[in-house]
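Colleague: got a structure for you, letters missing:
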């Protein structure tokens, strides 16, 4: 306990978790099931298997097993970039002059630049194991698409990525990274799918959306023999794979006898947050320990803090199952000035249930405040954070400053999900004072919420 | 010895070297001294101190001390991103089906994206210690400028970067990273200096060169009270600081009882190569061990393999001291199709002397071969390499394939200096089959070599 804590706590490769942790097993009330959009009945394994790989469907539906072994092959891939360091933010603490002890789990030390790789390799592995030829997916800014391309290149799987058109055009570098890993990248909406052609004819000149790219990727997966669809967030299986983040974090803290008081993660669809908090939430669900757990979302896309807990479509084309989640409505699209990621309209149904059960808090933050925190963090800690990750930085700083006022030496742990190397256009806007904030009005939210399906 | 070697060998923070190693101390014949361009006499400490910080001048001139202690403050900064991992390229070995054992020292896990930070923090530290207000420098693609900006932000020093105009315009993202760290970035040539105005009037529309940016940065440093100039490569002091790369590499190998047979590094000005090979060359100089040491340079800028060993100007404006080095002539500028970095016209005088003494080999490689090796490496090892670093990958692969032919299980160690996230325009050209190779003709080289100063 009295050991000096290093700047970076690295576990050994042998200490990479051998099983993922499934929070649902410890939840008394389970998250609401996915519904078939036609029958409004819970999706069966058979129905889901048309879209997803079989073992992943099992994981998606598994509310009982707390631990699911990580196959040897996936652990070997993890060894290429994991364990990820848990970093003690000594320099940030000094800058803030706070008695708080701040730690962050850094998931950016791999080429995808984020935590997305943790689930990408798992999903690609099960696809390969099932004997598939390839997978399809969508990507917005491109972190997920990059991660999946890397995993597929490693396993020799074909990878078809539908990339939101505005990102495809404005973020050509991400596109090239995916091509480096052998993926085919198609701007969405495209004329390669029925739904794409429909959207193009109804909205000529549209620059696309995540929901629309999902519809295209799913359509291709279900119509191409030997292909399935994979998704980088929102789903239970993704949170399961991402639990490796939290398990390593907890193991590193335990190694030095450190107990977290507050755990903070940014939240879009919930993949990082669900992974980071998993073992902490597990202890909380089992009544073994208490933690403050805080989800941070952008004010411009506030699904937890201003959305409705209801069944909604996961995609624009309404081809996907319905999920019960905190949602802004599947037709909600964040204002164009929003540059900080985390732009999905809904939130993981597991996290939504936990939030509804008051097991965690949520706050929303302004994007200029997020970039201000990001720049300060970069200067003292060295790492250039992704805008997404910087939402967590902002709230970690706020909590540390509260400690300064009260004199409490709380232990704050946050997730630094990735790096911002491909977000320099947004940083440039910030430097040039051209970045603005946007808070949707109640009327705007009502417009998309009023279109929620009647379930 | 029979321990299984992990994918990534991490030393502990306590094992970060406590002293840099100075190869010159073990060289029987020392590298030729810098000359005053006016008097053609060796530069004195007093003369150099007008341009450089005092302790750095001491290091520059020190041919005697083998070990120079690393100040505590610099070691603390190193802890933010060091020790860097030495990675066993298991996946690459498998891909090549070679009996060779391949290791690479990865220096890209920091926001500057390269090894440049190792010397940037040292130079900024000594500037701060001397009570200076700030430093000036030049940057091409921007890795050095980014590294220096990070170091200056950490220490609260002002940082003025002259960035080659073509990079300033074509690589706005690097510029924004530097601005994130609070640096001022000026496209060079500029109207902020005498030499810049002169070049602009003589060559209107020029897109600049490294040599020109150096001249501007030096002019500002010597004419602004409280400022000095710092440089990211070529100089003895830089190689000294970069020896931390080689020292960690050797310590990691020693930990597992592994003896390198071949050590390979890319070479532009020599900062990475000189740092990586330092302790290996030391043993070789002292007759304690033998290693094949290979410098890899681009065929389009082949200073070792086709240059002349002679005194030359370090900058276009001819305001800097003369250095004896393998050079293509200070007026040499690589062809515009050259996208792979390593574009400086000369080579570190220490490395030049060692090469002239046949203590190391040099090879030059075609850029399309370099990108082919880079892409293959990315797909199997996960890391997206910088084009510079990929020169070393190319030759490491070649050597591993030779082992496959001969059946020898040699141990190959190479330096992976950084990541290619800001080089996607070049990767795009490669993917689209628009990348070409260029080998300067003898006549072209003669044109710049004929302008070497008469010393």
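Modeller: It's in. In this text the structure is predicted, and so the values were computed from the model without any measurement.

Colleague: in stretch A:412-429, what counts as buried?
Modeller: Neighbour counts over stretch A:412-429 (16 or more other C-beta atoms under 10 Å in any protein chain shown) mark A:412-424, A:426-429 as buried. Any C-beta I mention is one placed from the backbone N, CA and C, and that applies to glycine too.

Colleague: same check, this time on stretch A:311-324
Modeller: A:311-317, A:319-324.

Colleague: tell me which of these fall in strands.
Modeller: Under the assignment DSSP state E, these contribute A:311-313, A:322-324 to strands.

Colleague: redo those residues as JSON lines? Include pLDDT.
Modeller: Below are those laid out as JSON lines (pLDDT from 0 to 100):
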{"residue": "A:311", "pLDDT": "97"}
{"residue": "A:312", "pLDDT": "96"}
{"residue": "A:313", "pLDDT": "93"}
{"residue": "A:322", "pLDDT": "95"}
{"residue": "A:323", "pLDDT": "96"}
{"residue": "A:324", "pLDDT": "98"}
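
Colleague: closest to residue A:437 out of the residues you listed?
Modeller: In terms of C-beta to C-beta, no member of these lies closer to residue A:437 than residue A:312, at 25.9 Å.

Colleague: how about the closest one: what's its closest non-neighbour residue?
Modeller: Excluding the flanking residues, the one nearest residue A:312 by C-beta to C-beta, 6 or more residues apart in numbering or on different chains is residue A:327, at 4.2 Å.

Colleague: quick check: residues of the stretch 1-150 of chain A near chain B?
Modeller: Contact residues, the stretch 1-150 of chain A versus chain B (C-beta under 8 Å from any C-beta of the partner chain): A:6-8, A:10, A:12-13, A:79-81, A:91, A:109-111, A:113, A:150.

Colleague: so does stretch A:409-421 get close to chain B?
Modeller: Yes: using C-beta under 8 Å from any C-beta, stretch A:409-421 reaches chain B at A:419, A:421.

Colleague: that stretch: end-to-end distance?
Modeller: Stretch A:409-421 has an end-to-end distance of 33 Å (C-alpha to C-alpha, to the nearest Å).

Colleague: so residue A:68, which state does it fall into?
Modeller: When classified by DSSP: H, G, I helix; E, B strand; the rest coil, residue A:68 comes out as strand.

Colleague: host element of the closest residue to it other than its chain neighbours?
Modeller: Nearest non-adjacent residue to residue A:68, counting by C-beta to C-beta, 6+ apart: residue A:20, 5.1 Å away. Assessed by DSSP states H and E, residue A:20 sits inside strand A:19-21.

Colleague: got a PyMOL select line for the buried ones in the residues of the stretch 1-150 of chain A next to chain B?
Modeller: Only the buried entries of the residues of the stretch 1-150 of chain A next to chain B go into this PyMOL selection, using 16+ other C-beta under 10 Å:
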select buried, chain A and resi 6+7+8+10+13+79+80+81+91+109+110+111+113+150
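
Colleague: and the two most separated of the residues of the stretch 1-150 of chain A next to chain B?
Modeller: The most widely separated members of those, counting by C-beta to C-beta, are A:91 and A:150 (30.6 Å).

Colleague: on that earlier part again, show residues contacting the strand holding residue A:20.
Modeller: The contact list for strand A:19-21 (C-beta atoms under 8 Å, 6 or more residues apart in numbering or on different chains) reads A:66-70, A:240-241, A:243-244, A:246-247, A:278-279, A:282.

Colleague: ok, now with 10 Å
Modeller: Around strand A:19-21, the neighbours that count as contacts under C-beta atoms under 10 Å, 6 or more residues apart in numbering or on different chains are A:59, A:65-70, A:74, A:118-119, A:122, A:237, A:239-244, A:246-247, A:250, A:275, A:278-279, A:281-282.

Colleague: let's see which of the residues you listed end up in strands.
Modeller: The members of those that map onto strands under DSSP E are A:67-69.

Colleague: let me have the residues you listed in JSON lines, adding distance to residue A:228 and neighbour count as columns.
Modeller: Compiled in JSON lines, the ones in strands among the contacts of strand A:19-21 are given as follows (distance: C-beta to C-beta, whole Å; neighbours: other C-beta atoms under 10 Å in any protein chain shown):
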{"residue": "A:67", "distance to residue A:228": "25", "neighbour count": "14"}
{"residue": "A:68", "distance to residue A:228": "19", "neighbour count": "19"}
{"residue": "A:69", "distance to residue A:228": "22", "neighbour count": "12"}
